[in-house]
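A.B. asks: Build me a model from this:
(2 chains)
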2 protein chains.
Amino acid sequence: MVRGRVSRLSVRDVRFPTSLGGHGSDAMHTDPDYSAAYVIIETDAEDGLKGYGITFTLGKGTEVVVCAVNALAHHVLNKDLKDIVGDFRGFYRQLTSDGQLRWIGPEKGVVHLATAAVLNAVWDLWAKQEGKPLWKLLVDMDPRTLVSCIDFRYITDVLTEEDAYEILQKGQVGKKEREGHMLAHGYPAYTTSCAWLGYSDDTLKQMVLLKVALSDINWHRFKVKVGADVQDDMRRCRLIRDMIGPENTLMMDANQRWDVPEAVEWMSKLAEFKPLWIEEPTSPDDILGHAAISKALVPLGIGVATGEQCHNRVIFKQLLQANALQFLQIDSCRLGSVNENLSVLLMAKKFEIPVCPHAGGVGLCELVQHLIIFDYISVSASLENRMCEYVDHLHEHFKYPVKIRQASYMPPMDAGYSTEMKEESVKKHQYPDGEVWKKLLATQENQV
Amino acid sequence: MVRGRVSRLSVRDVRFPTSLGGHGSDAMHTDPDYSAAYVIIETDAEDGLKGYGITFTLGKGTEVVVCAVNALAHHVLNKDLKDIVGDFRGFYRQLTSDGQLRWIGPEKGVVHLATAAVLNAVWDLWAKQEGKPLWKLLVDMDPRTLVSCIDFRYITDVLTEEDAYEILQKGQVGKKEREGHMLAHGYPAYTTSCAWLGYSDDTLKQMVLLKVALSDINWHRFKVKVGADVQDDMRRCRLIRDMIGPENTLMMDANQRWDVPEAVEWMSKLAEFKPLWIEEPTSPDDILGHAAISKALVPLGIGVATGEQCHNRVIFKQLLQANALQFLQIDSCRLGSVNENLSVLLMAKKFEIPVCPHAGGVGLCELVQHLIIFDYISVSASLENRMCEYVDHLHEHFKYPVKIRQASYMPPMDAGYSTEMKEESVKKHQYPDGEVWKKLLATQENQV
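C.D. replies: Sure thing, here's the model as predicted:
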């Protein structure tokens, strides 16, 4: 079924000027321009299908990721797609363990984001050639093939290939029913759109009102950004909790603002607003720090959530080993694409920790829905304590945008990984020569 | 004393074709071309002094680091040097916490290597303006100023500003004597040059012979690369141990080749050759893995060493908290320059773990000698179980190359951080348009 030799890999720098409206602002990222390094893979096959892959960035630095994609391109060009997916573990290893390139990673930061963009494009192309949405490609794949996509290096002390296979074998039971459930009801979501740190109290009130009373979506799980000023946080959290009432769920997100002792102290003050979790209380690299915070917050009934900036499976492995999180947040663009996310979903299953993916930005919702729907059908078989982040920005730029119904992600039905953007949007937002940026940069120049 | 406004920052891609001779090869990096992103900072001061900074790379990907340096440049340009070093913590934070750029790190991988190159250039310039070698600038600096260069974010659960100050205050006692000792005898070194994985047994024998019997340097500490094949390793280790005898020290380096259980098993087989340490047994991100290996190797009398790929102070903090290493190996170009290395030296002192810096590559010896000499004089006050790596490659390209005498680093006496390369060398090795690469790339093209 898989066909064609990769004849071209191109990459574009696409940026949306979201910082102008304060959208997406938090305690550490005050002025994000949601952006993407956008990879397109073409083959010599007659079907004319292309694979699209993105990795998410915040504006500046996208050109650095673009540069890293170009540094990886020679591993992909002139390869037969069937050789790539036929030994996907080997191909993953080749990309991530290049004897010279791995020094500037390994499997972290810029090169790993670039790896994600390239591999996301490969998965998109594979799914398109099979005529299936990615989640369905994964659900229908036999466990041996799934396992052959995963690089187990550095995680065998927690998850061996045999462990993974066994989990997937068990996941076959009841699969059809769970697929039916997804198609009928979708995967539960929560919203972050109402409470960015850059919003005024009035905007915040309006946004919550919009979500609760006036929306046909019927949101009942909300996340608020905290961490810049404790008095502000208390006022904003009280305001939201009052508006949503005690029956709805509230989560908090500090975006790495605190040191370990500070996190515990701060959250003690916000505990009265009954958050389900505190997300990213400290450095994403601090496994033992997260463990200490987790332990200290148990008496307050607050869990710790993290993952959007965990740079690879080795960090996730340790977070699980150390009881450092109660909610695990995978990201579709920071880890090494589907391949590495599969290993994390399986480790989470082994430790029975619920996965609640990170989304938002640009394209993250489109991508990660595939992974979490697969996770429910074939791995976790549970919806308890689980939900996927949702942010309603920038979906209009995608050819196959997410569909939300009754606060749930409805499974995408188009073939591929939902990664493809509208060519018109890409052209307009290309940096620095797209129409939108030409105008903005000219304005900035005039102001200087 | 500090003067001038930064008027220009330029960066060059300099590569040495070391892969042609198998120099520097190990179990994970089989064909390194030792390279550097080389930063030059100029000011408008009349003294005409320039700051030179490098970060080390293995060839491919240097262009990605160069791109990241350019992304950081706007934080440095048009700044007064006195404002930079007058609030060095703030400046460090500005570079590492840029609201948009931090997403593609934070403080890890490409952007952090770029940060190191830029800050190394700033330190070089500062030391030159003060007319002192960097180690002496640090030794003479009062503890409050030293502490003001450090960003304590994410490490205050282990080391607060007051802790750091106290350690440095205690380090004032006996400083003069220790400085005298360094000037007279230098800092102890060990050599890795004899046993790269790419060397044949004959080359290896020759190299060891050269070091032991024929060298006037009188080496007595040796490191061998292991990890690709256990039978090969046993043969090579036996060969070296036989040649150097039981009285000399042998270390082993696996360069991240193993998973945790594999590391323990493999080292049990190599224990008979009495290594002092096994270096980088597994993923540099695996704190708990290193802790497990450390614990398992205690009965065999083998310590664990790691650090050259630890990407920031948060990882070092946890390695110390978890008893995951017995020898801590700082690197002058992977961490955020002198600023972040200061925090690691101070944490190591607090945990009483000996620091044995990583060096080699290109320029790493030149730079790190300054840090470890300062460490001895002002922080650790001890030489017990301590030594600095030495590799005798590529020093001829530096304007102020290291001086080794009786297997010790002699303190550099020229002003600056010894980062400056000979302009002739840079020109010849610039990639891809330097003379050396033009020839090599033409040959490669002819072969295709």
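A.B. asks: What are the buried residues along stretch A:163-171?
C.D. replies: Buried residues in stretch A:163-171, counted by 16 or more other Cβ atoms under 10 Å in any protein chain shown: A:163-165, A:167-168, A:171. Placement of C-beta: from N, CA and C, glycine included.
A.B. asks: Residue A:53 contacts residue A:36, doesn't it?
C.D. replies: No. Using Cβ atoms under 8 Å, residue A:53 makes no contact with residue A:36, being 9.5 Å away.
A.B. asks: shared neighbours of the two, anything?
C.D. replies: Listed contacts common to residue A:53 and residue A:36 are residue A:117; contacts here mean Cβ atoms under 8 Å, 6 or more residues apart in numbering or on different chains.
A.B. asks: re the thing from before, I'd like to know which of the buried residues of stretch A:163-171 are part of helices.
C.D. replies: Among the buried residues of stretch A:163-171, the ones falling in helices (DSSP state H) are A:163-165, A:167-168, A:171.
A.B. asks: which SSE is residue A:291 in?
C.D. replies: Residue A:291 belongs to helix A:287-297 when assigned by DSSP states H and E.
A.B. asks: Which SSE is immediately downstream of that helix?
C.D. replies: strand A:303-306.
A.B. asks: quick revisit: packing partners of the helix holding residue A:291?
C.D. replies: Here helix A:287-297 touches helix A:260-270, strand A:303-306, helix A:313-321, helix B:287-297, helix B:313-321, going by 3 or more Cβ pairs under 8 Å, 6 or more residues apart in numbering or on different chains; DSSP states H and E.
A.B. asks: quick one: contacts for whatever residue of the stretch 51-200 of chain A ends up closest to chain B?
C.D. replies: Going by Cβ to the nearest Cβ, chain B is nearest to residue A:109 of the stretch 51-200 of chain A, at 2.1 Å. Residue A:109 makes contacts with A:311, B:104-105, B:108-112, B:311, as judged by Cβ under 8 Å, 6+ apart.
A.B. asks: ok, now how distant is residue A:229 from residue A:32?
C.D. replies: Note on residue A:229: its distance to residue A:32, by Cβ to Cβ, to the nearest Å, is 19 Å.
A.B. asks: In terms of neighbours, single out the busier of those two.
C.D. replies: Using other Cβ atoms under 10 Å in any protein chain shown, the more surrounded residue of residue A:229 and residue A:32 is residue A:32, with 24 against 12.
A.B. asks: Report the spatially nearest residue to the more buried one, omitting neighbours in sequence.
C.D. replies: residue A:58 (4.2 Å; Cβ to Cβ, 6 or more residues apart in numbering or on different chains).
A.B. asks: what residues are up against the one you found?
C.D. replies: A:29, A:32-35, B:99-104.
A.B. asks: What residues does the stretch 151-300 of chain A have near chain B?
C.D. replies: Counting by Cβ under 8 Å from any Cβ of the partner chain, the residues of the stretch 151-300 of chain A close to chain B are A:153-157, A:256, A:259-262, A:282-289, A:292.
A.B. asks: Quick one: buried ones out of those?
C.D. replies: Buried members of these, scored by 16+ other Cβ under 10 Å, are A:153-157, A:256, A:259-262, A:282-289, A:292.
A.B. asks: The biggest helix by length in chain A - what's its average pLDDT?
C.D. replies: Longest helix in chain A, counting residues (DSSP H): helix A:109-130. Taken as a whole, helix A:109-130 has a mean pLDDT of 98.
A.B. asks: What of stretch A:56-65?
C.D. replies: For stretch A:56-65, mean pLDDT is 97.
A.B. asks: Stretch A:335-350 too?
C.D. replies: Averaging pLDDT along stretch A:335-350 yields 98.
A.B. asks: List the buried residues of it.
C.D. replies: Going by neighbour count (16+ other Cβ under 10 Å), the buried part of stretch A:335-350 is A:335-349.
A.B. asks: Report how many residues lie close to residue A:185.
C.D. replies: The burial count for residue A:185: 14, using other Cβ under 10 Å.
A.B. asks: what's the spacing between it and residue A:366?
C.D. replies: Counting by Cβ to Cβ - residue A:185 and residue A:366 are separated by 20 Å.
A.B. asks: Show the contacting residues for the residue in the stretch 301-448 of chain A that chain B sits nearest to.
C.D. replies: The stretch 301-448 of chain A approaches chain B most closely through residue A:314 (4.3 Å), counting by Cβ to the nearest Cβ. Contacts for residue A:314 (Cβ under 8 Å, 6+ apart) come out as A:107, A:154-155, B:283, B:285-286, B:289.
A.B. asks: For it, report the pLDDT, please.
C.D. replies: Predicted confidence (pLDDT) for residue A:314: 98.
A.B. asks: which stretch of helix or strand covers the nearest residue to it once chain neighbours are set aside?
C.D. replies: Setting aside the residues directly before and after it, residue A:314 is nearest to residue B:285 in space (Cβ to Cβ, 6+ apart), at 4.3 Å. According to DSSP H and E, residue B:285 maps onto no helix or strand at all.
A.B. asks: Assess the claim that residue B:285 and residue A:108 are in contact.
C.D. replies: Yes. If you go by Cβ under 8 Å, residue B:285 and residue A:108 touch, sitting 7.4 Å apart.
A.B. asks: Find the residues that touch each one of these two.
C.D. replies: Joint contacts of residue B:285 and residue A:108 (Cβ under 8 Å, 6+ apart) are A:311-312, B:311.
A.B. asks: isn't residue A:381 right up against residue A:171?
C.D. replies: Yes. In this structure, residue A:381 is within contact of residue A:171 by Cβ under 8 Å, at 6.4 Å.
A.B. asks: Distance from the chain centre to stretch A:426-434, please.
C.D. replies: Centroid separation between stretch A:426-434 and its chain, computed with Cα atoms, centre = their mean, to the nearest Å, is 24 Å.
A.B. asks: ok, now stretch A:42-52?
C.D. replies: 26 Å.
A.B. asks: Buried ones in the lowest-mean-pLDDT helix or strand in chain A, by neighbour count?
C.D. replies: Here the helix or strand of chain A ranked lowest by mean pLDDT, DSSP states H and E is helix A:201-212, holding a mean of 77. Residues A:204-205, A:207-208, A:211-212 are the ones in helix A:201-212 that count as buried (16+ other Cβ under 10 Å).
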